[in-house]
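Undergrad: no FASTA, just this:
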């Protein structure tokens, strides 16, 4: 059974940085794409960033462009989300997800991690 395990969340002051990691139990080269989602209290999940496992192409939602960077390390079966210049509006539970194939649209999330809390507060 595929497992995705996030780590790296925590409490940080506004303007600070965190790096989230998502370690997969299997070979991520078998996936088409992996990405990060976040869920605000009382709201649904929103996609934050996606990376193509095959060619490393990336996608970001506008609110995080220039502040967040997604990357992958295929040898370690891990993806990362470097988050800089964090603001209280980034406070959410962050989830890692993986798609087995190209669904020709937004990620569906065939596999999900358990989530990691990111809190930005002074």
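TA: Cool, got the structure. Predicted, not measured: the structure shown is a model, and the values here were computed from it. Numbers count the residues shown, from 1 in each chain.
Undergrad: give me the secondary structure label for the most centrally placed residue in the chain.
TA: The residue lying closest to the centre of the chain (C-alpha atoms, centre = their mean) is residue 36, at 2.3 Å. Classification of residue 36 using DSSP: H, G, I helix; E, B strand; the rest coil returns strand.
Undergrad: quick one: pLDDT of it?
TA: Listed pLDDT for residue 36 reads 98.
Undergrad: residues in contact with it?
TA: Residue 36 makes contact with 20, 22, 47-50, 70, 79, 81, 94-97, according to C-beta atoms under 8 Å, 6 or more residues apart in numbering. Placement of C-beta: from N, CA and C, glycine included.
Undergrad: pLDDT score for the closest residue to residue 39 other than its chain neighbours?
TA: Leaving out its chain neighbours, the residue that sits closest to residue 39 by C-beta to C-beta, 6 or more residues apart in numbering is residue 45, at 4.5 Å. Model confidence at residue 45, given as pLDDT, is 94.
Undergrad: confidence score at the closest residue to residue 26 other than its chain neighbours?
TA: Spatial nearest neighbour of residue 26, excluding adjacent residues (C-beta to C-beta, 6+ apart): residue 2 at 5.7 Å. Residue 2 carries a pLDDT value of 82.
Undergrad: perfect, that will be all.
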